[in-house]
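Asker: Here's my sequence, what's the structure:
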Amino acid sequence: MFDVKEYFFSEFDKMEAKDGNLKVIINLNKKPDFLTLDILIKGIIFVECDRCLEYFNYPIEFRDNLLVKFSDTSVDQSNDTIILHPNDNELDLKHYIYECISLSIPYRKIHPESKDGKSLCKKEMLQKIHEHESEEQEKAVNTNWDKLKYFFETNN
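Answerer: Below you'll find the predicted structure:
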């Protein structure tokens, strides 16, 4: 078991999470010809809200199994299999953990709601969004009425 914190996230500048506090638990089962790894990544990451652009803590949990085979030749790896040379005595899972965390980040990240059902987004930004939506809806309504007027005028 080990922790994934700020130092890990600073190495991967393309990741949407800018920080986090995660526990990585790996159970290793060793067989004569291969290894199996049961991996659990659990904790919180710090991501930007797509609605209000403020950062917030987002809980994640990722489970996976990884197979490590030993081979002298370079064989095509699949997503859940890693090939190691028999003389290798170390397995670097840093990039694999990066990918697991990245896959745990949802496509749309929005602040959760409070217990009473209200958004926890920044209130000023929600007001601006609401004002903009109201203007757009008003324009759409006027445009639709204009289309109906044109339709009735040309067909009468």
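Asker: contacting residues around K42?
Answerer: K42 is in contact with 22-23, 25, 60-62, counting by C-beta atoms under 8 Å, 6 or more residues apart in numbering. Heads up, the C-betas are built off the backbone N, CA and C, glycines and all.
Asker: N57 versus C49, what's the distance?
Answerer: According to C-beta to C-beta, to the nearest Å, C49 and N57 sit 11 Å apart.
Asker: Could you check which of those two is surrounded by more residues?
Answerer: More crowded of C49 and N57, by other C-beta atoms under 10 Å: C49, with 20 against 14.
Asker: coming back round to it: residues that sit against both of C49 and N57, list them.
Answerer: By C-beta under 8 Å, 6+ apart, C49 and N57 have no common neighbours.
Asker: how about the helices of this structure, start to end?
Answerer: Here the chain has its helices, by DSSP state H, at 6-11, 94-104, 123-155.
Asker: contacting residues around the first one?
Answerer: When contacts are defined by C-beta under 8 Å, 6+ apart, helix 6-11 is touched by residues 15, 17-20, 94, 97-98.
Asker: got a markdown table for these, with neighbour count, distance to L53 and pLDDT too?
Answerer: Below are these laid out as a markdown table (neighbours: other C-beta atoms under 10 Å; distance: C-beta to C-beta, whole Å; pLDDT from 0 to 100):
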| residue | neighbour count | distance to L53 | pLDDT |
| --- | --- | --- | --- |
| M15 | 18 | 17 | 86 |
| A17 | 23 | 15 | 89 |
| K18 | 14 | 13 | 86 |
| D19 | 15 | 16 | 91 |
| G20 | 22 | 19 | 92 |
| K94 | 11 | 29 | 90 |
| I97 | 20 | 27 | 91 |
| Y98 | 18 | 24 | 91 |
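Asker: Thanks a lot, see you next time.
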